[in-house]
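Engineer: next one to model:
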Amino acid sequence: MDALDKKILRELQTDSRISFTKIAEKIGISTATVSDRVKRLTKEGIICGYTALINTSKLGMVTLITKIKTTQGYNSIQEVGEAVAGMAETCCVHHVTGDFDLIVISKCMGYDECGIVIQKLKEIEGVRSMDAQLVLKTLKEELKIEL
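Structural biologist: Presented below is the predicted three-dimensional model:
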């Protein structure tokens, strides 16, 4: 990835709906070059998709952060992580260092649903223990990174 790829990615992070023509005009290259580079960045897995960022709090959703310890055993972290990732409420699953193996971010429609999600997580084979917190207020939530 070179400086031109980074410029294209910066523009797409700011507005994923921007046309390739507008990107080309902003950074001074041809539309075909933007198109070719975006195709390559997508093929390489650097660009994973495009989405709208939604303020889930305004929809009445609650963020649940759960730390999970898995039972010891070959591939148990991967297997538990995949099971957790398959849940509709799950937004992020991270394999981490420290006292826990996984950190999970879930979005629930109200506090009652958080209880249901916690129960579902407890029932996954390979979950040894967990610690869950409800987010009271989100101060920053975005996926945009500095390139």
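
Engineer: mind listing what the most centrally placed residue in the chain touches?
Structural biologist: Centroid-nearest residue in the chain, with CA atoms, centre = their mean: C92, separated by 4.8 Å. Taking CB atoms under 8 Å, 6 or more residues apart in numbering, we find C92 in contact with I103, V104, I105. All C-beta spots, glycine's among them, are computed from the backbone N, C-alpha and C.

Engineer: again with G73
Structural biologist: G126.

Engineer: is it fair to say it lies in a strand?
Structural biologist: No - G73: not assigned to a strand; according to DSSP: H, G, I helix; E, B strand; the rest coil it is coil.

Engineer: specify the beta-bridge partners of the residue nearest to the centre of the chain.
Structural biologist: C92 has these beta-bridge partners by DSSP bridges: I105.

Engineer: got the confidence number for it?
Structural biologist: Looking at C92, its pLDDT is 96.

Engineer: how much space between it and T21?
Structural biologist: 34 Å (CB to CB, to the nearest Å).

Engineer: who wins for neighbours among the contacts of C92?
Structural biologist: Comparing the contacts of C92 by number of neighbours (other CB atoms under 10 Å), V104 comes first, having 25 neighbours.

Engineer: which residue, other than its chain neighbours, is closest to that one?
Structural biologist: T66 (4.5 Å; CB to CB, 6 or more residues apart in numbering).

Engineer: separation between that neighbour and K120?
Structural biologist: Taking CB to CB, one finds T66 at 11 Å from K120.

Engineer: same check, this time on D99
Structural biologist: Distance from D99 to K120, by CB to CB: 22 Å.

Engineer: check contacts around M109.
Structural biologist: Contact analysis of M109 by CB under 8 Å, 6+ apart lists L59, G60, M61, V62.

Engineer: thanks a lot, catch you later.
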